[in-house]
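Asker: what follows is a predicted protein model with its sequence.
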Amino acid sequence: MAYYHHILVGLDLSPESQQVIDKVIHLFDGKDTRISLVHIQEPLSFTYGGDIPMDLSDIQRQLETQAANRLDELKQQLSGFNVTTHVIIGQPSHEMHRFAKDNNADLIVVGSHGRHGLALVFGSTSNGVLHGASCDVLAIRIKE
């Protein structure tokens, strides 16, 4: 039976990310699977534009360091897997597509809050990842 060899796990690093990690362990434990834990941060300059007249690069670096530390904590739970961690600056769905393609990932795993209505229209990362991915996508339903 064929299985996935390289899984990109996209995490927003919220407390709910633990549910995604738990599901990955449950589904792929015992498989010879490589996992890339990826967190994508939008640049602060995109978020705040020109509204803040100051250099945000130090704050951006601090956020990247905090994200890398959190990914390392989550990586410890995946001790049976070959795991790498990546903090990437950019637009989440675009960067996940790019990373998956550049690194030959055959599955992207993301958490999904199951938004609908206006919340879905105004943007859902998991929906953006699904539309445009060059590999399979697994959306893990996040329980409140």
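Answerer: The structure has been received and is ready for your questions. Numbering: from 1, shown residues only.
Asker: tell me the helix or strand right after the longest helix seen in the chain.
Answerer: When the chain is scanned for its longest helix (criterion: DSSP state H), the result is helix 57-75. Counting by DSSP states H and E, the element after helix 57-75 in chain order, helix or strand, is strand 82-89.
Asker: and the contacts of that next one?
Answerer: Outside strand 82-89, the residues within contact range by C-beta atoms under 8 Å, 6 or more residues apart in numbering are 33-43, 60, 64, 67-68, 71-72, 75, 95, 99. No exception for glycine: its C-beta is placed from N, CA and C like everyone else's.
Asker: tell me which helix or strand Lys23 sits in.
Answerer: If you go by DSSP H and E, Lys23 is part of helix 17-28.
Asker: angle of that helix against helix 57-75?
Answerer: With axes from the mean of the first three to the mean of the last three C-alpha atoms, to 10 degrees defining the directions, helix 17-28 sits at 40 degrees from helix 57-75.
Asker: run through who's touching helix 17-28.
Answerer: With C-beta under 8 Å, 6+ apart, helix 17-28 has contacts from 3-4, 7, 9, 11, 35, 74, 77-78, 81, 109-111, 140, 142-143.
Asker: buried only: go through these for me.
Answerer: The neighbour count (16 or more other C-beta atoms under 10 Å) marks 4, 7, 9, 11, 35, 74, 78, 81, 109-111, 140, 142 as buried among those.
Asker: can you tell me which residues contact Leu138?
Answerer: Here Leu138 is in contact with 107-110 (C-beta under 8 Å, 6+ apart).
Asker: check Leu71 too.
Answerer: Counted by C-beta under 8 Å, 6+ apart, Leu71 has contacts 11, 13, 37, 39, 85-87.
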